[in-house]
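Peer 1: quick one, structure for this:
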Amino acid sequence: MTAVPSPQGFRVLFCVTMAAASFLLVSCSSAVWISIVGVIFASISSGLGELSFLSLSVFFDRNVLEGWGSGTGGAGVAGSFLYSGLIQVGLSPQITLCIMLVVPFAMLVSYFGVLAPVPSLPQWRRSELEYAAVDSEEQQQLMDESEDEEQETSASEDRTRGSVTLKEKYYVIKGLVRFVAPLGLVYFAEYFINQGLIELLFFHNFFLSHAAQYRWYQTLYQVGVLVSRSSLYCIKFRRVWIFSLLQVVNAVFLLFAVRFQFLPSAWIVLVIILYEGLLGGAAYVNTFYFISKETESRYREFAMATASVGDSLGIALAGLVAFPVHKYFCSL
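Peer 2: Numbers count the residues shown, from 1 in each chain. As a prediction, the model looks like this:
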């Protein structure tokens, strides 16, 4: 069975193109603005990819969210560990980023070559070439079965997806606020830490250089994300707002730590960063699990795609706030 490109397929192709372009632009850039364009491309790829894959998850068993959580967490650890490790052994950032081009290629292969199709997903269609070697009687039987399957699929899609009106979208979005607001707050706090604070938490008497400390802070953060995003297999938390509160406390504590420099060792920062990743990953995976569980089936695809805007908005706002805060602390 082969997959025919569909809107989802074209989205994946676009995400892969943006990801590859981001690596190439940043690795080959000769000016800051070119690197910034590369980062923008990477953000487009990440944001659109998350939106697309989360919306597609409704066509599969609900347990796919557990795999999604572990997979995205593992991707963060693999990417950050690989980059930090290659830099640590002496490779230049330019060569390291070129090596990273294997990631978008693997994404392309996994989506079009590995992902098992399901009947409810409209983009998967049988290739006519499959029937070329089938005799007329078997071919007719297959066509009849295919027609029945398409009718069942169509009925299933009508029940599951349907056409969602603007009024219905409004009520779905209104119901998502209780999930999206805490998720956005968690991501605002943790990316404010990552973008504005932890670069300033460095220690001269540590065995790692300033740049190396920053890289391994980010790597350990991803380890925390992986562990907590995989926790859905064992335990589920309905009250996601608790993670938001704890992450805000985390951000305020580190803000004072940067201002007054009272932390004695990088080891303490490493523990806090690990804890930060645990909070963020737990909030993410539990939010989407309960959205999938509590949203009516015909609205689920729209809800999953819409809710993914929450973490992206939190990250964007954190970046806007982190710029002046970081500049202020540097001026001291």
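Peer 1: for Phe192, see how far away the spatially most central residue of the chain is.
Peer 2: Computing the C-alpha centroid of the chain and ranking residues by C-alpha atoms, centre = their mean puts Glu50 first, at 5.1 Å. Applying C-beta to C-beta, to the nearest Å, the value for Glu50 to Phe192 is 20 Å. Placement of C-beta: from N, CA and C, glycine included.
Peer 1: check His204 too.
Peer 2: Distance, His204 to Phe192, using C-beta to C-beta: 25 Å.
Peer 1: so for these two, which residue has more residues nearby?
Peer 2: Phe192 (26 against 6; other C-beta atoms under 10 Å).
Peer 1: now that one: which helix or strand?
Peer 2: Counting by DSSP states H and E, the element that carries Phe192 is helix 166-196.
Peer 1: list the contacts of stretch 269-277.
Peer 2: With C-beta atoms under 8 Å, 6 or more residues apart in numbering as the test, stretch 269-277 has contacts from 190, 193, 198, 201, 216-217, 220-228, 247, 250, 253-254, 257, 263.
Peer 1: buried members of the residues you listed into ChimeraX, please.
Peer 2: To isolate the buried subset of the contacts of stretch 269-277 in ChimeraX, counting by 16 or more other C-beta atoms under 10 Å, use the following:
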select :190,193,198,201,216,217,220,221,222,223,224,225,226,227,228,247,250,254,257,263
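Peer 1: any weak-confidence spans in the stretch 151-300 of the chain?
Peer 2: By pLDDT under 70, the low-scoring segments of the stretch 151-300 of the chain are 151-162.
Peer 1: and the protein, what are its domains?
Peer 2: Residue ranges for the domains of the chain, per automatic domain parsing: 1-125, 164-332.
Peer 1: how about the helices in the protein?
Peer 2: Along the chain, counting by DSSP state H, helices occupy 7-28, 32-56, 64-88, 93-99, 102-109, 136-160, 166-196, 210-229, 241-260, 266-294, 297-331.
Peer 1: got a markdown table for these, with distance to Leu115 too?
Peer 2: Shown next, in a markdown table, are the helices of the chain (distance: least, C-beta to C-beta, whole Å):
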| stretch | distance to Leu115 |
| --- | --- |
| helix 7-28 | 10 |
| helix 32-56 | 9 |
| helix 64-88 | 11 |
| helix 93-99 | 25 |
| helix 102-109 | 10 |
| helix 136-160 | 18 |
| helix 166-196 | 26 |
| helix 210-229 | 20 |
| helix 241-260 | 31 |
| helix 266-294 | 19 |
| helix 297-331 | 17 |
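Peer 1: phi and psi next, for Leu101.
Peer 2: Backbone torsions of Leu101, given as degrees, to the nearest 10, read phi -60, psi -20.
Peer 1: leaving out sequence neighbours, find the closest residue to it.
Peer 2: Of all residues not flanking Leu101 in the chain, Phe23 sits nearest, at 5.3 Å (C-beta to C-beta, 6 or more residues apart in numbering).
Peer 1: burial measure for that neighbour, as a count.
Peer 2: 21.
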